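J.: All I have is the shape, not the residue letters:
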């Protein structure tokens, strides 16, 4: 699983450290970010180009996909559904065609699906900020069909395939494309989000377990304490109903913020020395810290993680830094395996057509 490569763990860690969050959002962005993105597209011209293409092929597509088609002001994804589509969505096939060759790739994909009489549904992005910018939904029975379709595209249009970029870190890579499971469970969430939560939780563990790399001076300055205060407010608000949480975040809480600042050294010492179990980190159970006036302030593991992510640790060597990345890799791999998210490549998607054609 590409996510578990040490260089990819570094990307995720870097993304989190630059924009720490109390949710999975920053890690999810790191999992799907297109790091080769260097060009902007002309939305108006692009929109008209795709619009004209689908107008020409309107007899092929289910009209039901029209409401999902983005407008000029809302790039989003195009959802392309063949008329009469009824196949179960069990797998996702991820492809990252270049923005310059995307329309041509979409045309060839549709042509190959027509040739093989595939009941297709896929979506693709108009932008170039993601690595999952073309996503095919597939049933178990369709996997071998799609393997043939993608093999044919690779054989006949090698230039289009050579322009394809990285696929999402949370999917199982198969050459120039990748595969993941389709999970409609609202409780579990998508594969990318579930993997992102695992990475996010383990980043918190790694930061907390390596607190000896931080100094009290780093964590007791006013800016650091204010960040911790804000993270605590956000964490508390996340447990409230949305309306109440929004109100709580908007409130100034000046007295509480002053309590944090006045007790900066005390709180920094607490962050560096408090014992936090894995269970507390996994569930983000609040730790209670007494501040001035006997007031109790809940400080959660995620809040501590947010604070530490903003500060530069005192690495003594590159080897020390590498060991931290390796620890993160080990923890993520363990949890991904435990939750059954280390998807093996389905046999039907890894058919060797080269041998078949000899």
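T.: Okay, I see it. All values derive from a computational prediction rather than experimental measurement. Numbering: from 1, shown residues only.
J.: How is the protein partitioned into domains?
T.: By the assignment in automatic domain parsing, the chain contains the domains 2-191+341-357, 211-310.
J.: what's around residue 95, how many residues?
T.: By the measure other CB atoms under 10 Å, the count of residues near residue 95 is 24. Placement of C-beta: from N, CA and C, glycine included.
J.: Can you check which of the domains of the chain gets nearest to residue 318?
T.: domain 2-191+341-357 (12.1 Å; CB to CB).
J.: pLDDT averaged over that closest one, what's the number?
T.: In this model, domain 2-191+341-357 carries a mean pLDDT of 79.
J.: isn't residue 139 right next to residue 91, touching?
T.: Yes. Between residue 139 and residue 91 a contact is recorded at 7.4 Å, counting by CB atoms under 8 Å.
J.: Name the residue in those two with the higher neighbour count.
T.: Neighbours were counted for residue 139 and for residue 91 using other CB under 10 Å; residue 91 has more, 21 against 16.
J.: I'd like to know how many residues surround residue 23.
T.: Neighbour tally, residue 23, other CB under 10 Å: 13.
J.: and it, what helix or strand is that in?
T.: Counting by DSSP states H and E, no helix or strand carries residue 23.
J.: if I look at it, how far off is residue 13?
T.: 17 Å (CB to CB, to the nearest Å).
J.: again, but for residue 285
T.: In terms of CB to CB, residue 285 sits 24 Å off from residue 13.
J.: Which residue ranges of the stretch 1-150 of the chain form strands?
T.: 77-81, 91-95, 121-125, 134-138 (DSSP state E, counting those that start in this stretch).
J.: Now do the contacts for residue 297.
T.: For residue 297, the contact set (CB atoms under 8 Å, 6 or more residues apart in numbering) comprises 232, 256, 259, 260, 288, 289, 290, 291.
J.: Try it again at 10 Å.
T.: Taking CB atoms under 10 Å, 6 or more residues apart in numbering, we find residue 297 in contact with 228-229, 232, 236, 256, 259-260, 263, 267, 286-291, 303.
J.: who's it bridged to?
T.: residue 289 (DSSP bridges).
J.: out of the contacts of residue 297, which are buried?
T.: Using 16 or more other CB atoms under 10 Å as the burial test, the contacts of residue 297 include 228-229, 232, 236, 259-260, 263, 267, 286-287, 289, 291, 303 as buried.
J.: Keep only those of those that are in strands.
T.: 287, 289 (DSSP state E).
J.: Scan the chain for its longest helix.
T.: helix 318-338 (DSSP state H).
J.: Just the residues contacting it, thanks.
T.: Surrounding helix 318-338, the residues in contact under the criterion CB under 10 Å, 6+ apart are 1, 3-10, 12-13, 170, 194-195, 197-199, 201-203, 205-207, 209-210, 213, 278, 282, 313-315, 317, 341-343.
J.: which of the residues in it are buried?
T.: Buried, per 16+ other CB under 10 Å, within helix 318-338: 324, 325, 327, 328, 329, 331, 332, 333, 335, 336.
J.: do you know how far the third one is from residue 209?
T.: With the distance defined as CB to CB, residue 327 ends up 8 Å from residue 209.
J.: rewinding a little: by pLDDT, give me the weakest of the contacts of residue 297.
T.: Among the contacts of residue 297, residue 291 has the lowest pLDDT, at 70.
J.: Run a quick check on it versus residue 266, I expect a contact.
T.: Yes. At 7.3 Å, residue 291 counts as touching residue 266 under the criterion of CB atoms under 10 Å.
J.: Give me the common contacts of these two.
T.: Joint contacts of residue 291 and residue 266 (CB under 10 Å, 6+ apart) are residue 260.
J.: what's the neighbour count on residue 51?
T.: Neighbour count of residue 51, defined by other CB under 10 Å: 13.
J.: all numbers from here: first residue = 28
T.: In the new count, where the first residue is 28, that last one comes out as residue 78.
J.: Please tell me how far it sits from residue 85.
T.: Residue 78 is 11 Å from residue 85, by CB to CB.
J.: Need the overlap of contacts for these two.
T.: Here residue 78 and residue 85 share no contacting residue, scored by CB under 10 Å, 6+ apart.
J.: For residue 84, what are phi and psi?
T.: phi -110, psi 20 (degrees, to the nearest 10).
J.: swap that for residue 371, sorry
T.: Torsion angles, degrees, to the nearest 10, at residue 371: phi -80, psi 150.
J.: Tell me how many other residues crowd the closest residue to it other than its chain neighbours.
T.: Counting by CB to CB, 6 or more residues apart in numbering, residue 371 lies nearest to residue 199, which is 7.1 Å off, once chain neighbours are set aside. Neighbours of residue 199 under the rule other CB under 10 Å: 22.
J.: is residue 199 in a bridge, and if so with what?
T.: With DSSP bridges as the rule, residue 199 is bridged to residue 206.
J.: For it, list the residues it contacts.
T.: Residue 199 neighbours (CB under 10 Å, 6+ apart): 28-30, 121, 205-208, 218, 368-373, 376.
J.: Ok, residue 129 next?
T.: When contacts are counted by CB under 10 Å, 6+ apart, residue 129 touches 68, 73, 77, 122-123, 151-153, 155, 160-161, 187, 190-191.
J.: Of the contacts of residue 199, just the buried ones, PyMOL syntax please.
T.: To isolate the buried members of the contacts of residue 199 in PyMOL, using 16+ other CB under 10 Å:
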select buried, resi 28+29+30+121+205+206+207+208+218+368+370+373+376
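J.: Among the contacts of residue 199, which one sits closest to residue 144?
T.: Using CB to CB, those come closest to residue 144 at residue 376, 18.5 Å.
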